[in-house]
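**Student:** whatever this is, show me its structure:
(2 chains)
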Amino acid sequence: MDKNKESTGDEVFEQELLPHIDALNTFAYHLAYNKEDAADLVQETYMKAYRFIDKYDQGTNAKAWLFKILKNAYINQYRKKSKRPTKVDFEEIISYQDSEDALKPAFTDLRTELFSNMMGDEVTIAINSLPIDFRTVILLCDIEGFTYEEIAKIIDVPIGTVRSRLFRARNMLKEKLHKYALEHGYEDKRGAKQENNLTDESE
Amino acid sequence: MKDREQQNDIRQKVNMYLDRELSPKDENELLSKADTDPNLGRQINDEKEFRNYIKTAINRPSVSPDLIKSIRDNIKRRGD
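**Tutor:** Sure thing, here's the model as predicted:
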């Protein structure tokens, strides 16, 4: 890189790329399950981003670009660890049939109050227990606020797949949290309130 | 079966509405329906609350200053 390009690159890096480090770290942490691997992923992402900074159009969507790099870095890391000799696609890490989604009933018993006393750990455990494809769309959409179009570009799938995967992922997450809440004795206060109201009315 | 498909279709629309992915026409239709259907209104609120809950409760480990320093140092080394 020549000196002028290098100083522009450094400026872009500091002003447009580095501010996303917290979001990238959260994403990496929920992909890798631990802080050390997450830090390695974030570091690798920034090194790659700097190396290919010429490919980045200043003032465009730096966050989406970085997330795509991180996702690819994660796949490569996963591939190395699992010592798989052949090239695998992100979608092949844990495959599933999108077409089945429409046939499965939605989880309708969403009682938010049931979850209100839970700590963040339960949410993290529940999200981390989702298969990677589902976990990824929840993190990108619900936690980071990316649009369907941005998510489609980050994970290289059609927008329709993003939509159906999100639908299924949210239902799975609700089911897991609901099950967890019941197993750990959290009470459904809304039901209790309704019962109390009925008792009050009958008195 | 048809009921389930219809329910899933409505839930899908609620999801898309909260994701700001519905067309203005579909959004108006959904909101008009919610005005007259308390169940749909409640469904939208529950979904909204659930998402807020997930967003605030999720563990977001902080980035150590050492990591930022290490990234900057590596980049500087590469540039030298």
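**Student:** when you work out contacts or count neighbours from here on, use the C-alpha atoms and nothing else.
**Tutor:** Noted.
**Student:** what residues does chain B put near chain A?
**Tutor:** B:4-5, B:7-8, B:11-12, B:15, B:19, B:21, B:46-47, B:49-51, B:53-63, B:67, B:71, B:74-75, B:79 (Cα under 8 Å from any Cα of the partner chain).
**Student:** could you identify the buried members of the residues you listed?
**Tutor:** Buried by 16 or more other Cα atoms under 10 Å in any protein chain shown: B:8, B:11-12, B:15, B:19, B:21, B:46-47, B:49-51, B:53-55, B:57-60, B:63, B:71, B:75, out of those.
**Student:** take those residues and keep only those in helices.
**Tutor:** Among those, the ones falling in helices (DSSP state H) are B:8, B:11-12, B:15, B:46-47, B:49-51, B:53-55, B:57, B:71, B:75.
**Student:** among those, which one sits closest to chain A?
**Tutor:** Nearest to chain A, judged by Cα to the nearest Cα, of those is residue B:57 at 4.3 Å.
**Student:** can you tell me how far that closest one is from residue A:32?
**Tutor:** Distance of residue B:57 to residue A:32, computed by Cα to Cα, to the nearest Å: 19 Å.
**Student:** same check, this time on residue A:10
**Tutor:** 28 Å.
**Student:** quickly note the distance from the residue nearest the centre of chain B to residue A:142.
**Tutor:** Geometric centre of chain B, nearest residue: residue B:19, 5.3 Å, by Cα atoms, centre = their mean. In this structure, residue B:19 and residue A:142 are 8 Å apart, going by Cα to Cα.
**Student:** residue A:126 now?
**Tutor:** Distance, residue A:126 to residue A:142, using Cα to Cα: 14 Å.
**Student:** quick check, pLDDT for the nearest residue to residue B:12 once chain neighbours are set aside.
**Tutor:** Excluding its sequence neighbours, the residue lying closest to residue B:12 (Cα to Cα, 6 or more residues apart in numbering or on different chains) is residue A:167, at 6.7 Å. Per-residue confidence (pLDDT) for residue A:167: 93.
**Student:** how many other residues sit next to residue A:167?
**Tutor:** As a burial measure, residue A:167 scores 23 neighbours (other Cα atoms under 10 Å in any protein chain shown).
**Student:** and for residue A:181?
**Tutor:** Residue A:181, neighbours per other Cα under 10 Å, totals 19.
**Student:** ditto for residue A:160
**Tutor:** Other residues lying near residue A:160 total 13 when counted by other Cα under 10 Å.
**Student:** from residue A:131, how far out is it?
**Tutor:** Residue A:160 sits 19 Å away from residue A:131, going by Cα to Cα.
**Student:** now swap in residue A:164 and tell me
**Tutor:** On the measure of Cα to Cα, residue A:164 and residue A:131 end up 15 Å apart.
**Student:** so which bits of stretch A:168-188 are buried?
**Tutor:** In terms of neighbour count (16+ other Cα under 10 Å), stretch A:168-188 has its buried residues at A:168-178, A:180-181, A:186.
**Student:** for those, give me JSON lines that also has secondary structure.
**Tutor:** JSON lines is the format used below for those (DSSP: H, G, I helix; E, B strand; the rest coil):
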{"residue": "A:168", "secondary structure": "helix"}
{"residue": "A:169", "secondary structure": "helix"}
{"residue": "A:170", "secondary structure": "helix"}
{"residue": "A:171", "secondary structure": "helix"}
{"residue": "A:172", "secondary structure": "helix"}
{"residue": "A:173", "secondary structure": "helix"}
{"residue": "A:174", "secondary structure": "helix"}
{"residue": "A:175", "secondary structure": "helix"}
{"residue": "A:176", "secondary structure": "helix"}
{"residue": "A:177", "secondary structure": "helix"}
{"residue": "A:178", "secondary structure": "helix"}
{"residue": "A:180", "secondary structure": "helix"}
{"residue": "A:181", "secondary structure": "helix"}
{"residue": "A:186", "secondary structure": "coil"}
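**Student:** leaving out chain neighbours, which residue sits closest to residue A:143?
**Tutor:** Using Cα to Cα, 6+ apart, the closest residue to residue A:143 is residue B:55 (5.5 Å).
**Student:** any idea how far that neighbour lies from residue A:138?
**Tutor:** To residue A:138, residue B:55 is 10 Å away according to Cα to Cα.
**Student:** kindly report the same for residue B:24.
**Tutor:** Between residue B:24 and residue A:138 the computed distance is 24 Å (Cα to Cα).
**Student:** cool, thanks, talk later.
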